[in-house]
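A.B. asks: Coordinates for the following, if possible.
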Amino acid sequence: RFTGEASEINELAQGTASLALPVRLPDGSAGAALCLSGPSERFPAICEHAEAARELTSRLAPFLY
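C.D. replies: Next up, the predicted model:
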């Protein structure tokens with residue numbers, strides 16, 4: 001909650017990792033999420049795209065709500 005994102009490595013299935021970012025409603029609450037996922041050994045590369053994904057969530061929000 002502090003960072004505004006969620007991540008997991010090898011929690012749901014061995015060898016997978018994901019990073020989820022909220023798509024915010026106008027009131028600031030999370031109405032949806034954008035998830036980046038891939039092999040767990042590529043998690044650092046997934047995190048490198050977090051800022052671009054965060055920007056995308058703010059651009060997507062008006063189309064969803």
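A.B. asks: Could you pull out the helices in this protein for me?
C.D. replies: Along the chain, the stretches classed as helices by DSSP state H are 43-48, 50-64.
A.B. asks: Quickly compare these and say which is most buried.
C.D. replies: Highest mean neighbour count among those (mean count of other CB atoms under 10 Å): helix 43-48, with a mean of 14. Yep, even glycine has a C-beta here, placed from its N, CA and C like the rest.
A.B. asks: where does the chain have low pLDDT?
C.D. replies: Applying pLDDT under 70 to the chain flags the ranges 1.
A.B. asks: just to revisit the earlier point, so which of the helices of the chain gets nearest P26?
C.D. replies: Closest to P26 of these is helix 50-64 (CB to CB; 8.0 Å).
A.B. asks: now the closest one, how far from the chain's geometric center?
C.D. replies: In terms of CA atoms, centre = their mean, to the nearest Å, the centre of helix 50-64 is set 10 Å apart from its chain centre.
A.B. asks: quick one on the thing from earlier: got the helices of the chain as JSON lines, with distance to E11 columns?
C.D. replies: Shown next, in JSON lines, are those (distance: least, CB to CB, whole Å):
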{"stretch": "helix 43-48", "distance to E11": "12"}
{"stretch": "helix 50-64", "distance to E11": "18"}
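A.B. asks: between those, which gets nearest to P22?
C.D. replies: helix 50-64 (6.7 Å).
A.B. asks: Looking at the helices of the chain, which is nearest to L34?
C.D. replies: helix 50-64 (5.1 Å).
A.B. asks: still on that earlier bit, among the helices of the chain, which is nearest E5?
C.D. replies: Ranked by CB to CB, the member of the helices of the chain that lies closest to E5 is helix 50-64, at 6.8 Å.
A.B. asks: And for the closest one, what's in contact with it?
C.D. replies: The contact list for helix 50-64 (CB atoms under 8 Å, 6 or more residues apart in numbering) reads 5, 19, 21-25, 31-32, 34, 36.
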